[in-house]
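Enquirer: here is a sequence together with a model predicted from it:
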Amino acid sequence: MSDEVRQDAIERAWLDLVATARRTAAEGLVVGTSGNVSVRVGRLVLVTPTGVPYDRLTRQDAIAVDLDGNQLLGDLAPTSELPLHLEVYRNTGAGAVVHTHAVHATAVSTLVPELPPIHYMTAALGGPVRVAPYALFGTEELAENMLRALAERTACLLQNHGTVAYGDRLDQAYDRTAQLEWMCRLWLTASALPGHAPSLLSGSQLSEAAEKLRSYGQPD
């Protein structure tokens, strides 16, 4: 790949990343400068900066690191959750990662060790979504807890903190984030009626849904 083509790919990926970060704020998944987004371009990982409102980011603010966390592009400091993003890229085939502080998902993370299988879209995330034990934000301990919760999953909850979801592309990572928040809201709503407990899907029902979801949507 020539330098010119590579620079063009980096610029396009950065603009997509900023648009996704702004979408997390616009749709209520984060407040202020909380949460963060990353996308992989070859051996580089583009990430949102720490403490900068997304609406202020421009083309010139692009930040990139390698998989060891060495900053190779940009003057702004990367997100404090860089260890979390890098662990996902080192251990999965992820092309993009979205981390949010979504309200319903964070609420669920304080109540149960995993989100009960309230809807068949649980299967789209690999199975019941686990809650990673609490650890201080920005630490290797949090990244390690998250990685265990993500085993055979594409999303998890972080206890008293928020969500992490990854995908091949930014839009897929974002969609999984939004689905997780919706399922958490659904479970909280269904669980709120005194004297009633929501029906949950069995393992066989989730497997059946997973099989059908493989052929869902338009062909590539």
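Expert: Thanks, I have it. Numbers count the residues shown, from 1 in each chain.
Enquirer: list the contacts for the residue most central in space within the chain?
Expert: Taking Cα atoms, centre = their mean, the centroid of the chain lies closest to A165, which sits 2.6 Å from it. Counting by Cβ atoms under 8 Å, 6 or more residues apart in numbering, A165 touches 97-98, 125, 154-156, 173-174, 176-177, 180. All C-beta spots, glycine's among them, are computed from the backbone N, C-alpha and C.
Enquirer: any idea how many residues pack against the closest residue in space to Q172 that isn't next to it in sequence?
Expert: Spatial nearest neighbour of Q172, chain neighbours left out: A96 (7.2 Å); criterion: Cβ to Cβ, 6 or more residues apart in numbering. A96 is flanked by 27 other residues according to other Cβ atoms under 10 Å.
Enquirer: L46 belongs to a strand?
Expert: Yes - under DSSP: H, G, I helix; E, B strand; the rest coil, L46 falls within a strand.
Enquirer: got a list of what it touches?
Expert: L46 sits in contact with 10, 13-14, 17, 38-40, 62-64, where contact means Cβ under 8 Å, 6+ apart.
Enquirer: neighbouring contacts of the helix or strand harbouring V39?
Expert: Element membership of V39 [criterion: DSSP states H and E] is strand 36-41. Around strand 36-41, the neighbours that count as contacts under Cβ under 8 Å, 6+ apart are 6, 9-10, 13, 16-17, 20-21, 24, 45-48, 64, 79, 81, 85, 89, 94-99, 170.
Enquirer: just the ones in strands from those, please.
Expert: 45-47, 64, 96-99 (DSSP state E).
Enquirer: this structure: strands as residue ranges?
Expert: So, for the chain - with DSSP E - the strands run 36-41, 44-47, 64-65, 71-73, 96-100, 131-132, 155-158, 162-167.
Enquirer: turn the ones you listed into JSON lines, columns for mean pLDDT.
Expert: Converted to JSON lines, the strands of the chain look like this (pLDDT from 0 to 100):
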{"stretch": "strand 36-41", "mean pLDDT": "97"}
{"stretch": "strand 44-47", "mean pLDDT": "97"}
{"stretch": "strand 64-65", "mean pLDDT": "97"}
{"stretch": "strand 71-73", "mean pLDDT": "96"}
{"stretch": "strand 96-100", "mean pLDDT": "98"}
{"stretch": "strand 131-132", "mean pLDDT": "98"}
{"stretch": "strand 155-158", "mean pLDDT": "98"}
{"stretch": "strand 162-167", "mean pLDDT": "98"}
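Enquirer: and the closest residue to A25 other than its chain neighbours, what's its pLDDT?
Expert: Nearest residue to A25 in three dimensions, chain neighbours excluded: Y54, at 5.8 Å (Cβ to Cβ, 6+ apart). Looking at Y54, its pLDDT reads 94.
Enquirer: that's all I had, so thanks and see you.
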